[in-house]
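>>> no letters, just coordinates:
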């Protein structure tokens, strides 16, 4: 029981952090200090977590919190490419 609670708290704390990161990335319009590899590794980790839960048939509360996190990381990846495009457009002016 305690491991499930701790995993849920981990996923929820990450989930609280992602919107802050997304707002910052949206407003900064910059890729400065950003690592796309980091985002892809986080996304891979979340997908592995979901796969683990599916394979072990353990659908406790933490399982459902993976999905909003996956969505937010995907949005962060999209923002990275949007910001990179904006940087390239501004460099050409």
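Structure received. Given the structure is predicted, the values throughout are model-derived calculations rather than measurements. Numbers count the residues shown, from 1 in each chain.
>>> could you list the low-confidence segments of the chain?
Across the chain, nothing is flagged by pLDDT under 70.
>>> show me where it has helices.
2-28, 36-56, 61-91 (DSSP state H).
>>> could you say which of those is packed most deeply?
Highest mean neighbour count among the helices of the chain (mean count of other Cβ atoms under 10 Å): helix 61-91, with a mean of 15. (Glycine included, C-beta is placed from N, CA and C.)
>>> what is it packed up against?
helix 2-28, helix 36-56 (3 or more Cβ pairs under 8 Å, 6 or more residues apart in numbering; DSSP states H and E).
>>> let's have those helices in TSV, adding distance to residue 73.
What follows is the helices and strands packed on helix 61-91, written out as TSV (distance: least, Cβ to Cβ, whole Å):
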stretch	distance to residue 73
helix 2-28	7
helix 36-56	5
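>>> nearest to residue 90, of these?
Residue 90 lies closest to helix 2-28 among the helices and strands packed on helix 61-91, at 12.7 Å (Cβ to Cβ).
>>> now that closest one and helix 61-91, what's the angle there?
Compare the direction of helix 2-28 with that of helix 61-91 by axes from the mean of the first three to the mean of the last three Cα atoms, to 10 degrees and you get 20 degrees.
>>> residue numbering should commence at 36 henceforth.
Will do, 36 is the new start, and the previous item becomes helix 37-63.
>>> so how far is helix 37-63 from its chain's centroid?
In terms of Cα atoms, centre = their mean, to the nearest Å, the centre of helix 37-63 is set 8 Å apart from its chain centre.
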